[in-house]
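A.B. asks: I need the structure of the sequence given here:
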Amino acid sequence: MKLTTYFKQLLIACLLVPGALMAQDKTGIAATDSLTLEQCVGYALENRAAMEQALIDEQIGEREIRASLSGWFPQINANFGSTYNIKRPQQPIGGEIITFGQKYNSNLALQATQNIFDNNLLLASRASRSRKLLLDQQVTDTRINTVVEVSKAFYNVLLTQEQLRILDQNISRQEKQFNDARSRYEVGLVDKTDYQRAAITLANIRSDRKRVQENIKASVAYLKQLMGYPVEQELNLTYHYARMEQEVQVDTTELIAFDKRVELQQLQTQRELLKLNTAFNRWSFLPTVSAFANYNLLYFNNEFANLYDQHFPNSSVGLQVALPIFQGTRRLQNLKIAQLQEDRLDVQIEDARRAINTEYQTALANYKGDYTEWRTVQSNLEMAEEVYEIIKLQYDEGVKAYVDLIVAETELRTTQLNYYNALYGVLSSKLDLQRALGNIDINR
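C.D. replies: Numbering: from 1, shown residues only. Below you'll find the model as predicted:
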């Protein structure tokens with residue numbers, strides 16, 4: 001009996017394990033897991049559509065580099081032809097008309113060519129390393145944007161959920177106040193305006209809660225999109241707000257280092273490519289040298305049935321040098337174009353430095369302003385909670401009017417919501433400042 005039970009349990013386990021494995025994606029995250037910020041970013045770096053496209057673009061670029069270098073390998077071609085001479089050529093020789101050739105001709109030709117020196121192929125070889133570096137920098141740029149955008153969306157979802165929690169607390173507190181005000185009215189202690197005000201306030205809070213609840217759905221959908229997360233799968237998040245408050249700090253004395261910005265690195269790599277292009281345009285008068293080998297099989301006969309009975313081979317090898325002598329000033333124009341492209345990129349690089357500096361100064365100003373606002377609202381929140389508790393106590397004792405309690409309640413709720421808006425603002429501006437400084441960690 002025990003053995004039968006054991007086999008039943010083993011069978012159930014075999015049936016459940018594949019399902020459990022299917023509930024996990026390729027990152028090992030189960031559908032029921034609550035994801036941290038690091039897990040969301042890690043998931044996005046592997047599954048986001050923009051990341052997948054960037055990696056595919058990198059593979060396409062590497063294939064294009066290989067294709068451009070393939071000219072260094074031997075180029076082998078085969079040609080086959082067959083001809084039926086309806087009217088063969090004739091020539092008068094020694095007073096007689098001589099007919100040349102056969103009715104049926106055919107040939108099979110093999111040709112091999114090996115480039116020895118080619119200016120364009122040499123440019124492709126020298127530029128391959130810079131082109132690969134540029135592809136890698138493009139992937140890095142996408143990774144940086146992914147980290148920043150997913151982090152912002154993650155914070156937005158969590159803080160919106162926290163706003164919903166605050167409104168739920170306010171609804172619970174306001175429902176109690178509404179019931180208390182109505183009870184006092186029914187026993188004749190106050191007039192009906194108190195519980196009517198309470199009803200209006202309660203309805204407004206419920207309306208705010210509905211709006212925030214719908215915003216959460218939209219925010220989660222946006223986060224799923226950024227992560228490349230399955231639409232039909234539930235996304236649960238986890239985070240410690242105490243840790244979030246600790247992470248608002250950033251070193252505002254750090255000076256900007258332009259070379260750390262991947263956008264400027266990309267422009268510098270493009271400049272290296274343009275310098276190579278200019279150099280090779282300057283030497284475009286050099287000849288192209290290649291070696292070749294040919295092997296031909298000739299067939300001819302007056303009868304088609306006997307055409308391939310016998311073949312007549314011939315072969316040759318040689319060296320070919322093509323020297324451009326005059327091309328209507330095309331080489332000169334191409335050289336000037338390459339030099340002007342360098343000049344244009346130099347202007348773009350300098351403008352990019354100014355734009356990066358503007359981005360840094362803007363991000364730094366926004367961070368300092370958002371941080372000051374967050375600390376101010378944090379202090380206001382403590383005072384609003386204290387004011388509400390005092391006025392609530394005074395109202396219960398009959399010292400304060402109900403309108404004072406409503407004002408205190410509204411100020412408390414507004415300050416609570418402003419606090420989390422300010423917290424999101426400072427976290428968002430911190431990410432912008434880190435990106436401006438080139439300090440985004442993409443190795444997750």
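
A.B. asks: for this protein, what spans make up the strands?
C.D. replies: Here the chain has its strands, by DSSP state E, at 34-35, 75-84, 90-93, 96-99, 104-117, 236-237, 288-301, 312-322.

A.B. asks: mind listing what the third one pairs with, with the direction of each?
C.D. replies: Pointing back at strand 90-93 there. Strand pairing for strand 90-93, determined by DSSP bridges: strand 96-99 (antiparallel).

A.B. asks: mean confidence score for the strand it pairs with?
C.D. replies: Across strand 96-99, the average pLDDT comes to 82.

A.B. asks: just to revisit the earlier point, can you say which of the strands of the chain is nearest to Glu411?
C.D. replies: Closest approach to Glu411 among the strands of the chain (Cβ to Cβ): strand 236-237, 29.7 Å. C-beta here means a position set from N, CA and C on the backbone, and glycine is covered the same way.

A.B. asks: Return the list of strands paired to the closest one, each annotated with direction.
C.D. replies: strand 34-35 (parallel).

A.B. asks: Pull the distance from the strand it pairs with to the chain's centre.
C.D. replies: When C-alpha coordinates are averaged (Cα atoms, centre = their mean, to the nearest Å), strand 34-35 and its chain have centres 22 Å apart.

A.B. asks: now the helices for this protein?
C.D. replies: For the chain, applying DSSP state H gives helices covering 2-22, 37-47, 49-69, 119-186, 193-227, 241-246, 262-282, 330-396, 402-437.

A.B. asks: Mean pLDDT lowest where, among those helices?
C.D. replies: Mean pLDDT is lowest for helix 2-22 out of the helices of the chain, coming in at a mean of 41.

A.B. asks: doesn't Thr238 make contact with Thr36?
C.D. replies: Yes: in this structure, Thr36 is within contact of Thr238 by Cβ atoms under 8 Å, at 5.9 Å.

A.B. asks: Now for the closest residue to Gln265 other than its chain neighbours, how many residues are close by?
C.D. replies: Distances taken as Cβ to Cβ, 6 or more residues apart in numbering place Gln137 nearest to Gln265, at 5.5 Å, with adjacent residues excluded. Gln137 is flanked by 18 other residues according to other Cβ atoms under 10 Å.

A.B. asks: Can you lay out the strands of the chain as TSV showing distance to Ile390?
C.D. replies: Converted to TSV, those look like this (distance: least, Cβ to Cβ, whole Å):
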stretch	distance to Ile390
strand 34-35	38
strand 75-84	90
strand 90-93	124
strand 96-99	125
strand 104-117	89
strand 236-237	36
strand 288-301	91
strand 312-322	95
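
A.B. asks: List the beta-bridge partners for Gln114.
C.D. replies: Applying DSSP bridges to Gln114 gives these bridge partners: Ala291.

A.B. asks: residue contacts, it?
C.D. replies: Shown in contact with Gln114 (Cβ atoms under 8 Å, 6 or more residues apart in numbering): 74-75, 290-292.

A.B. asks: which of the residues you listed has the most neighbours?
C.D. replies: Result: Ser290 is most packed of the contacts of Gln114 (other Cβ under 10 Å), 18 neighbours.

A.B. asks: Who are the contact partners of it?
C.D. replies: The neighbourhood of Ser290, defined by Cβ under 8 Å, 6+ apart, consists of 113-116, 118, 319-320.

A.B. asks: Equivalent analysis for Val147, please.
C.D. replies: Neighbours of Val147 in contact, by Cβ under 8 Å, 6+ apart: 41, 44-45, 440-442, 444.

A.B. asks: same thing but at 7 Å, please
C.D. replies: Val147 is in contact with 41, 440, 442, counting by Cβ atoms under 7 Å, 6 or more residues apart in numbering.

A.B. asks: same question, Tyr367
C.D. replies: By Cβ under 7 Å, 6+ apart, the residues touching Tyr367 are 250, 426, 429-430, 433.

A.B. asks: Repeat that for Arg197.
C.D. replies: Contacts for Arg197 (Cβ under 7 Å, 6+ apart) come out as 402-403, 406.

A.B. asks: Show me just the buried residues among those.
C.D. replies: Among those, the ones that count as buried by 16 or more other Cβ atoms under 10 Å are 402, 406.

A.B. asks: of the contacts of Arg197, closest to Asp346?
C.D. replies: Distances from Asp346 to the contacts of Arg197, taken by Cβ to Cβ, are shortest for Ile406, at 64.6 Å.
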